[in-house]
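Student: How does the following fold in three dimensions:
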Amino acid sequence: MAITMIGLDTAKSVFQVHGVDSAGKVQLKRKLRRDELLPFFEKQEKCIVVIEACGAGHHWARVLTGLGHDVKLIAPEAVRPFVKKGKKNDPADAAALCEAARRPGIKFVPIKTTEQQAVLALHSVRSLLVKQETMLANAMRGLATEFGITVPKGMSKLEDLITLVDTDMSIPKSARQAVGELPSHCGVVAARIAKLEVQIVDHARHDETARRLATVPGIGPITASLISASVGDNIGAFKSARHFAAWLGLVPRQHSTGGKTRLGRITKAGNKEIRKLLVLGATSMVYRAAQWNSAAGIWVRGILERRPVRLATVALANKMARIAWALMTRKEIYRAKGRVVAAAEAVA
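Tutor: Down below sits the predicted model:
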């Protein structure tokens, strides 16, 4: 019988092909080198090609789609249960792709365009540089602390720290020299971060979805740009706002049995970077909750009266994710509720 589905396990130089027919019977098992992959699919009759959504998965999905094949991307966590226990190898991975794709409830990952991946590359490099900047700042503070010098929190206080270290003659010259090597490097990293942020903000200003998201309190241009590039027009893949928040890992983990519901910490599944930025934005809004005169502000203040600050922050991040889903789905901007009522009550 003809091959109707191919599971393609990708790698740097070696690719494993696993083909099955409409009944699920194996018709092909083959290992291909990188230069053999395209000629093979050019000769292969049009079929469904299943690839794991990691590494260069989006690249190969675009290439094979151009050859006329119907390419499906599957998240790695959805494929893992179908890999035979104790047989983790390339042929087993390719077979697991076909097995997972044939399940009726499987969800596929939308194929990203080159433009989306270009914007995501800016975010990835910025995230890496921010980590490096934090590491350098912590290194300077740690070295200075060993000689009894400390300054308040904040990147702006590092200049004061370096000045104190340079002027303290009780510190050996070699130690002062070692600490002095870090500020210039930290400055270069900060300049590169600022340069990337200019490009990210420019994308947020010109992207229609990002402009909508930026109207939500707590979502700035960087967060809006990242959500738009990661999800964009594929927001329809999430049936509800709850599904979108769950995809971001902002819902509690369940440990329920026997009709008893037990909720734990958030799952932290899905896109880590979006979740982190939403939590950071929610943190800033929680600290100014007293001046947040809207229905959402009243809701946050009510949670703060009953729950710890961190729990209120994550709850607000969940709410922001749901609002983002609604704006992207309905193609609207955020309109705060409760401001007119609150103003009328203040006048009364």
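
Student: Can you give the distance from the lengthiest helix in the chain to the centre of its chain?
Tutor: With secondary structure taken from DSSP state H, the chain has its longest helix at helix 173-206. Chain-centre distance of helix 173-206: 23 Å, with Cα atoms, centre = their mean, to the nearest Å.

Student: what packs against the next helix or strand after it?
Tutor: Once the chain leaves helix 173-206, the next helix or strand it forms, by DSSP states H and E, is helix 208-213. Contact here means 3 or more Cβ pairs under 8 Å, 6 or more residues apart in numbering; DSSP states H and E; on that basis helix 208-213 packs against helix 173-206, helix 221-230, helix 309-330. Yep, even glycine has a C-beta here, placed from its N, CA and C like the rest.

Student: now the first one: mean pLDDT?
Tutor: This points to helix 173-206. For helix 173-206, the mean pLDDT works out to 95.

Student: And for residue 269, the neighbour number?
Tutor: Per other Cβ atoms under 10 Å, the neighbour tally for residue 269 reads 16.

Student: tell me the contacts of it?
Tutor: 246-249 (Cβ atoms under 8 Å, 6 or more residues apart in numbering).

Student: Quick check: residue 24 is in a helix.
Tutor: No - residue state for residue 24 (DSSP: H, G, I helix; E, B strand; the rest coil) corresponds to coil; a helix is not indicated.

Student: I'd like the distance between the residue nearest the centre of the chain and residue 84.
Tutor: Residue closest to the average C-alpha location in the chain (Cα atoms, centre = their mean): residue 271, at 3.0 Å. In this structure, residue 271 and residue 84 are 29 Å apart, going by Cβ to Cβ, to the nearest Å.

Student: Over to residue 270?
Tutor: 27 Å.

Student: of these two, who's got more company?
Tutor: Applying other Cβ under 10 Å to residue 270 and residue 84 shows that residue 270 carries more neighbours, namely 17 against 13.

Student: Can you classify the more buried one by secondary structure?
Tutor: At residue 270, secondary structure determined by three-state DSSP is coil.

Student: sorry, back to before: tell me which of the helices and strands packed on helix 208-213 lies nearest to residue 5.
Tutor: Residue 5 lies closest, by Cβ to Cβ, to one member of these: helix 221-230, at 27.6 Å.

Student: That closest one vs helix 173-206, what angle?
Tutor: Interaxial angle of helix 221-230 relative to helix 173-206 (axes from the mean of the first three to the mean of the last three Cα atoms, to 10 degrees): 60 degrees.
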